[in-house]
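Participant: Here you go, sequence then predicted model.
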Amino acid sequence: MIKEALQYIISAFQGSETKEVASQVFSAQPLNLIEQATPDAVKVHNLNGLIDYVKSNYDDQPPVLIQVASPTEVNVMSTYNRDMQRNVLLTAKALLPTIPFERFHDVESFNVLLQSCFVRNDHRDDLLKVVGNIREEAVQTVGDDGISQMVTARSGVATVSAVVVPNPVLLKPFRTFVEITQPESAFVFRMKNGPSAALFEADGGAWKLRAIADIKDYLKDELDEQIQSGRVVIIG
């Protein structure tokens, strides 16, 4: 029975490229797509490199679409090819430090982290005063209500006073391209015995949308002539 069915199918396909069986269309032969060749994307690590590439029109590919994919990635793409695939001509990925949020660090490491990976502002300086003057043997929590903590800290060479740790703190870590003003966002600052300190993100990721909008605005300003001429479209 199976043999007869297979012979029927084979004979039905002979002399025909397609055959309709039970309202479905089948190919007589297996088909393999020969894809159109696409170039490897040029890789840069800043927005100015991307701007130079677009302004030079080096690959003669107007118009191009610039996609702000994330706070750390921007792509320059051509229109789709015959296979309905876009050529990614250039990708810019920001080089950024690794900032371990939501993890406790000893105060010395935390001090270095604040100074090396955050843009200076008032709250950053307040945190440096706190963690820079903690007695190693006495991180004292008094009346911790889940928002504010009282921490024992040096206020002079020999005296000690209670310092209120601010919460939330507004900080600007390096999280997007250096050409863009780093977005400020809220963090919960906590300390515990050790002593050790940690920062926990508290804005629900809203900073990412601000960073994408800022990157888009920066590119629009720098590529205004190309946008007006129709050579460039920017989305984000």
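Facilitator: On my side now, so go ahead.
Participant: roughly how far apart are the residue lying closest to Gln182 once chain neighbours are set aside and Arg124?
Facilitator: Nearest residue to Gln182, sequence neighbours excluded (Cβ to Cβ, 6 or more residues apart in numbering): Lys172, at 4.3 Å. For every residue, glycine as well, the C-beta is placed using N, CA and C. Separation of Lys172 from Arg124 (Cβ to Cβ, to the nearest Å): 8 Å.
Participant: what touches both of the two?
Facilitator: Residues touching both Lys172 and Arg124 by Cβ atoms under 8 Å, 6 or more residues apart in numbering: Phe118.
Participant: mind listing what the residue nearest to Gln182 touches?
Facilitator: Counting by Cβ under 8 Å, 6+ apart, Lys172 has contacts Phe118, Val119, Asn121, Arg124, Gln182, Pro183, Glu184, Ser185.
Participant: and the two most separated of these?
Facilitator: Farthest-apart pair in the contacts of Lys172 is Arg124 and Pro183; separation 14.3 Å (Cβ to Cβ).
Participant: more neighbours, these two?
Facilitator: Pro183 (21 against 17; other Cβ atoms under 10 Å).
Participant: what's the domain layout of the chain?
Facilitator: 1-32, 42-95+211-235, 105-204 (automatic domain parsing).
Participant: Counting neighbours, what do you get for Val130?
Facilitator: Other residues close to Val130 by other Cβ under 10 Å number 21.
Participant: got any ranges where this structure has weak pLDDT?
Facilitator: 1-17, 28, 31, 135-166 (pLDDT under 70).
Participant: Sketch out the helices for it, chain order is fine.
Facilitator: With DSSP state H, the ranges of helices along the chain come out as 2-13, 47-56, 107-117, 122-131, 206-222, 224-228.
Participant: Point out the other helices and strands that the third one packs with.
Facilitator: Secondary structure elements in contact with helix 107-117, counted by 3 or more Cβ pairs under 8 Å, 6 or more residues apart in numbering; DSSP states H and E, are helix 122-131, strand 196-201.
Participant: tell me which residues of it are tucked away?
Facilitator: Within helix 107-117, the residues that qualify as buried by neighbour count (16 or more other Cβ atoms under 10 Å) are Val107, Phe110, Asn111, Leu113, Leu114, Cys117.
Participant: residues contacting the third one?
Facilitator: Which is Asn111. Asn111 neighbours (Cβ under 8 Å, 6+ apart): Leu128, Val131, Gly132.
Participant: quick one: which of the residues you listed has the most company?
Facilitator: Using other Cβ under 10 Å as the neighbour criterion, Val131 leads those with 25 neighbours.
Participant: Not counting its neighbours along the chain, what's nearest that residue?
Facilitator: Val107 (4.6 Å).
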